[in-house]
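Undergrad: Using only what follows, build the 3D model:
(chains A and B)
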Amino acid sequence: MTEPILQVHDLRKSYDEGRIEALRGVDLAIHAGEFLAISGPSGSGKSTLLQLLGGLDTPTSGEVRFRNDRLGSAIGLDEYRSKNVGFIFQSFHLMPTLRVLDNVQVPMLAMSPKPPKRAERALTLLREMGLEHRLRQYPNELSAGERQRVAIARALANEPEILLADEPTGNLDSANSARIMDILTGIQKQRGMTLIVVTHENEIAHAAARQIRLRDGRIEA
Amino acid sequence: MASQLSFTGFAWKNLWRRRLRTLLTLGGIAMAIGAFVGLVGFSRSFEHEWLRMYLSSGTDIAVVQQTFLNTSVNESAGATLKALPTVAQATPMILNLMDLSPEVNALAYGWKADSYEFDSLTLTSGSRFRDGQPEVMLGDLLAENMKKKPGDALEIQGSNFTVAGIYHGGSALEAGAVIMPLDQMQKLGSIEGKVTAFHVRLRPAPMGEAADHYLARAQAEIEAALPGLRAVPAAERAGNNQLVLLAHAAAWGTSGIALLIGILGIANTMAMSVFEQTREIGILRALGWKRWRILALIELEAAVLGLIGGVIGIAVGWGSLRLLATLPQTASIVSASFPLLLLAEALGIAVLAGLVAGFIPAWRGAHLSPVEALRHD
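TA: Okay, here's the model as predicted:
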């Protein structure tokens, strides 16, 4: 077994001055190259857990460690998000003012120094996604499936080790859902990436090598 | 070849995709900068014309009371002045602004017929006026605006004058002015025996004495001989006389208000933009953009708005100045010269206005929580 790439210790997150407890002490180790599905009913805390794993938010208590470095102290959250993780969201979250090719280059502008051949890299990724004919379109000119493929290309732009997907097929029909999951599992296998998917769909959860189920902010046994 | 996205390109695309709002904001900042260029350019041009007038006439020092507009010097002081060893020539003069017709007002000078200040003027038709006679000379610009030629009658403040001659002067203040005998002007204003100032030409500085030192010595000599009066170097008087100071104050005050409105316009646009782009800011934060980079992006958009608005405003202001230089009401006090310093100032102010206006929205945007921002509809 490889070393855990992410370790979570007694992770808690509460909102509204403690009145809402989204996570109530989660312990978890995720290994490099693993495909993990996080499932559970609405309000179980799965998206909150993903946000904390991705450094989008800070826990109320407990810690998340990336390769043994504590997020937010040993490694800055901005740096972690730009270099080590790629996000895929249910509502795609593309930049509406930018064309497809530009959207994929946006994460590269967060790097210092900026990669020199940004457009070429974006083009390669979009070709992988079968979108080379859509480079000059704006997001609102694409289908939902195409938008999600642009989002996947964008998530891969800075060659992260971890891919975090929050309900990546939630806004897609079954054909597009299957295609997106094929792409994600293909990427995970070919690149040896760690893929963590939050989903409420059993089919997707069963496709993962390991799945955990959250209920009321805790991992079910 | 695929096009590379740059940071600046990103800012530009954000503005370009929201064209209507961008254009409205540009209109606001352009009007503000246009007002600045027009008004401040007008007042500077006014000052510049004063300086040109003094330089072309060869006046070194003006002897006045403490203030300019209300100065009232006894004409008899001329004899004392002329007797001073540093003074080559001293000529009395009166200055006023007069309505010559309902549309035209002009600077009016009262001079002696033998004043050295005529040396810088070129008589283009007619002749010089005579002391003691109800005669005037018109600058060529004023004569053209009023359609007057030598021999024509001109009524000024209820008194009838004859146009004796038309002259050309190097400064717009001269070209658009009327000059009449000093005694006639004293009679018009009921200020017999009083003048506005004496203009003084100094003798050449002695060998070995620096020009500045000589000028200061002459000032001191005049002020000692005429207690209660001030001897002001011509260059200083061009910039510090009350008419110019008043024009500067009015220009800065009015354009300051216009700029404030422009800044509020950009601030409003940027605040709206940050609000509308809350989710996009959240996306950028999720993609690892640091706070300072978000702040820089929003500030860059605001600065670009300021810069483009500034360029348009300069064109508007310059057009206004050119227009003012041709209108009969204002042609006598403004020329269409355009100093580069004013252009640089206007552009600097425009960009600074953008940065100031954009800062609070940028700060707010940069400090949004990524999770909260992503939830924003």
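
Undergrad: What is the burial count for the residue in chain A that chain B sits nearest to?
TA: Chain A approaches chain B most closely through residue A:82 (2.3 Å), counting by CB to the nearest CB. C-beta: built from backbone N, CA, C; applies to glycine. Residue A:82 is surrounded by 26 other residues when neighbours are defined as other CB atoms under 10 Å in any protein chain shown.

Undergrad: Run through the residues that contact residue 123.
TA: Because you didn't say which chain, this covers chain A. When contacts are counted by CB atoms under 8 Å, 6 or more residues apart in numbering or on different chains, residue A:123 touches A:101, A:132, A:135, B:2.

Undergrad: let's do chain B instead
TA: Contact criterion CB under 8 Å, 6+ apart gives B:165, B:166, B:167 as the residues in contact with residue B:123.

Undergrad: Mind doing that once more with 6 Å?
TA: When the contact criterion is CB atoms under 6 Å, 6 or more residues apart in numbering or on different chains, the partners of residue B:123 are B:165, B:167.

Undergrad: Confirm that it sits in a strand.
TA: Yes. Counting by DSSP: H, G, I helix; E, B strand; the rest coil, residue B:123 is found in a strand.

Undergrad: the longest helix in the chain is where?
TA: Looking at chain A here, since you left the chain open. If each helix of chain A is counted by residues according to DSSP state H, the longest one is helix A:174-191.

Undergrad: Correction: the question concerned chain B.
TA: Longest helix in chain B by number of residues (criterion: DSSP H): helix B:19-57.

Undergrad: who touches the next helix or strand after that helix?
TA: Using DSSP states H and E, the helix or strand that follows helix B:19-57 towards the C-terminus is strand B:61-64. Residues outside strand B:61-64 that contact it (CB under 6 Å, 6+ apart) are B:71, B:197, B:198, B:199, B:200, B:229, B:230, B:231, B:232, B:237.

Undergrad: Pull the contacting residues for the most centrally placed residue in chain B.
TA: Taking CA atoms, centre = their mean as the criterion, residue B:43 is the residue nearest the geometric centre of chain B, at 1.5 Å. Counting by CB under 6 Å, 6+ apart, residue B:43 makes contact with B:247, B:248, B:251.

Undergrad: And residue A:88, by the same measure?
TA: Contacts for residue A:88 were tallied using CB under 6 Å, 6+ apart; they are A:151, A:152, A:155, A:165, A:168.

Undergrad: let's see it at 8 Å
TA: Taking CB under 8 Å, 6+ apart as the definition, contacts of residue A:88 comprise A:148, A:151, A:152, A:155, A:163, A:164, A:165, A:166, A:168, A:184.

Undergrad: Show me the helices in chain A, by range?
TA: With DSSP H as the criterion, chain A has helices spanning A:46-53, A:77-83, A:100-105, A:118-128, A:144-155, A:174-191, A:202-207.

Undergrad: ok, and the helix or strand in the chain with the lowest average confidence?
TA: Going with chain A. When each helix and strand of chain A is scored by mean pLDDT, DSSP states H and E, helix A:202-207 comes last, with a mean of 88.

Undergrad: Not quite, go with chain B.
TA: For chain B, counting by mean pLDDT, DSSP H and E, helix B:234-240 ranks last in confidence among helices and strands (a mean of 75).

Undergrad: helices or strands next to it in the packing?
TA: With contacts defined as 3 or more CB pairs under 8 Å, 6 or more residues apart in numbering or on different chains; DSSP states H and E, helix B:234-240 has these neighbours: helix B:19-57, strand B:61-64.

Undergrad: so can I have a markdown table of the ones you listed showing mean pLDDT and distance to residue B:115?
TA: Formatted as a markdown table, the entries for the helices and strands packed on helix B:234-240 read as follows, by pLDDT from 0 to 100; distance: least, CB to CB, whole Å:
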| stretch | mean pLDDT | distance to residue B:115 |
| --- | --- | --- |
| helix B:19-57 | 84 | 9 |
| strand B:61-64 | 91 | 14 |
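
Undergrad: Tell me which of these is the most buried.
TA: Across the helices and strands packed on helix B:234-240, the average number of neighbours (mean count of other CB atoms under 10 Å in any protein chain shown) peaks for strand B:61-64, which reaches a mean of 25.

Undergrad: Just give me the residue closest to the centre of chain A.
TA: Central residue of chain A (CA atoms, centre = their mean): residue A:164, at 1.6 Å.
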